[in-house]
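Visitor: Got a sequence here, can you model it:
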Amino acid sequence: MTEPQVTSAYASPTGRVQAWTEASTLHIRFDHPARHNALSVDMWQAIPPLLAQAERDDAIRLVVFSGAGETAFASGADISQFEDMRAAREAVAHYETIAEDALAAIYRCAKPTLACIRGYCIGGGLNVAISCDIRIAADDAAFAIPAARLGLGYRLSALKNLVHLVGVGVAKDLFFTGRRIGAQEAKEVGLVSRACPAADLPALLGEYTLAMSENAPLTVHAGKRILQELLKDDAGLDRTLCQQLIRQCFDSEDYAEGRRAFMEKRKPVFRGK
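Guide: Model prediction:
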């Protein structure tokens, strides 16, 4: 993985989450290796403000989530906090609200999001990954939803995201059994887009950061929003919004630049305007 170059512009509110920019990519890395990057309350809380800042930053084209070290992307919730945070009904509601806010911020982020996964991607960590637009994984990655082994209730939004990715049958298989699957099976069932040897993961990630830096951000944004609309039923689908997003692309300076670059047989330079 690229060594982090933390910038003051994206200072994380907790030392357990690193944030830095590299060219047009914002990296958000879970950094709690002593607990395999298990997600503590402060880690959940760090996500929404960083994403909100990225949405306001025209220079950012992609947000990448990863885990520190080689052992885990994120190994679920930090169960050492369960006694304090989940022992009482009010604490359960508070914890679930914090986690749900973070996952919703990832899913709704206007910028494309990508989970770059090594090692354990379990429970809450898997929820983060499936809230992202794209998932790539090293061949040492391991995925599981162990809720049934812990007696936990599992949030509707997470199961909905899971079903959208892998279908009801596979979702039931993974959820009911709590079994762990590797990167290859995860790719076969559609849980991740691409898998590769661990040594090749930085290069694979580089393909995505380069593509996002070169492609038209207005077109990518429009595509993301329209795809989200398509997941709704017909009654909830906002066709007017979809049409507006498409028109904005055709009315943009980037569309004019794309046409000029095509005619001049050169690579376009898109500015998101």
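Visitor: how far away is residue 13 from residue 34?
Guide: Taking C-beta to C-beta, to the nearest Å as the measure, residue 13 and residue 34 are separated by 20 Å. In this view, the C-beta of every residue, glycine as well, is placed from N, C-alpha and C.
Visitor: Who has more neighbours out of the two?
Guide: The residue with the greater number of neighbours, taking residue 13 and residue 34 and applying other C-beta atoms under 10 Å, is residue 13; the counts read 14 against 9.
Visitor: is it fair to say the more buried one lies in a helix?
Guide: No. Under DSSP: H, G, I helix; E, B strand; the rest coil, residue 13 sits outside any helix and is assigned coil.
Visitor: what pLDDT does the nearest residue to it once chain neighbours are set aside get?
Guide: Spatially, and ignoring its direct neighbours in sequence, residue 13 is nearest to residue 46 (5.2 Å; C-beta to C-beta, 6 or more residues apart in numbering). At residue 46, the model reports a pLDDT of 96.
Visitor: so residue 46 makes contact with residue 12?
Guide: Yes. A contact is recorded between residue 46 and residue 12 when judged using C-beta atoms under 8 Å, the distance being 5.3 Å.
Visitor: overlap in contacts of the two?
Guide: Among the neighbours of residue 46, those also in contact with residue 12 (C-beta atoms under 8 Å, 6 or more residues apart in numbering) are 19, 28.
Visitor: pLDDT on stretch 240-249, on average?
Guide: Averaged over stretch 240-249, pLDDT sits at 86.
Visitor: ok, and for stretch 209-219, which residues are buried?
Guide: Buried residues in stretch 209-219, counting neighbours by 16 or more other C-beta atoms under 10 Å, are found at 209, 212, 215, 216, 217, 218, 219.
Visitor: hang on, I meant stretch 248-255
Guide: Of the residues in stretch 248-255, those buried by neighbour count under the rule 16+ other C-beta under 10 Å are 249, 252, 254, 255.
Visitor: same check, this time on stretch 138-156
Guide: Along stretch 138-156, these residues count as buried under the neighbour rule (16+ other C-beta under 10 Å): 138, 139, 140, 141, 142, 143, 144, 145, 146, 147, 152, 155.
Visitor: which residues of this structure score low on pLDDT?
Guide: Regions of the chain meeting the criterion pLDDT under 70 cover residues 1-8, 79-92.
Visitor: all helices in it, in order from the N-terminus.
Guide: Secondary structure of the chain, counting by DSSP state H: helices at 41-56, 82-85, 89-108, 124-131, 147-150, 156-177, 183-189, 201-214, 217-230, 239-250, 253-263.
Visitor: Can you tell me which of those helices is nearest to residue 62?
Guide: With C-beta to C-beta, the closest approach to residue 62 among those belongs to helix 201-214: 4.0 Å.
Visitor: and for that closest one, what are the contacting residues?
Guide: For helix 201-214, the surrounding residues in contact (C-beta under 8 Å, 6+ apart) are 1-2, 22-25, 61-62, 64, 112, 114, 116, 118, 134, 136-138, 194, 196, 220, 267, 270.
Visitor: Give the ChimeraX command for selecting the buried subset of these.
Guide: Buried members of the contacts of helix 201-214, defined by 16+ other C-beta under 10 Å, are picked up in ChimeraX with:
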select :1,24,25,61,62,64,112,114,116,118,134,136,137,138,196,220,270
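Visitor: Where strands are concerned, which of the contacts of helix 201-214 count?
Guide: In strands, defined here by DSSP state E, the members of these are 22, 25, 62, 64, 114, 116, 134, 136, 137, 138, 194, 196.
Visitor: Report the separation between the fourth one and residue 140.
Guide: Distance from residue 64 to residue 140, counting by C-beta to C-beta: 18 Å.
Visitor: Identify, from the buried residues of stretch 248-255, the entry nearest to residue 125.
Guide: Distances from those to residue 125 were compared by C-beta to C-beta; the smallest belongs to residue 249, at 34.6 Å.
Visitor: I'd guessed that closest one sits against residue 219; true?
Guide: Yes. Counting by C-beta under 8 Å, a contact exists between residue 249 and residue 219, whose distance comes to 5.3 Å.
Visitor: Count the neighbours of residue 94 for me.
Guide: A count of neighbours around residue 94, defined by other C-beta under 10 Å, yields 14.
Visitor: again with residue 15
Guide: By the measure other C-beta under 10 Å, the count of residues near residue 15 is 11.
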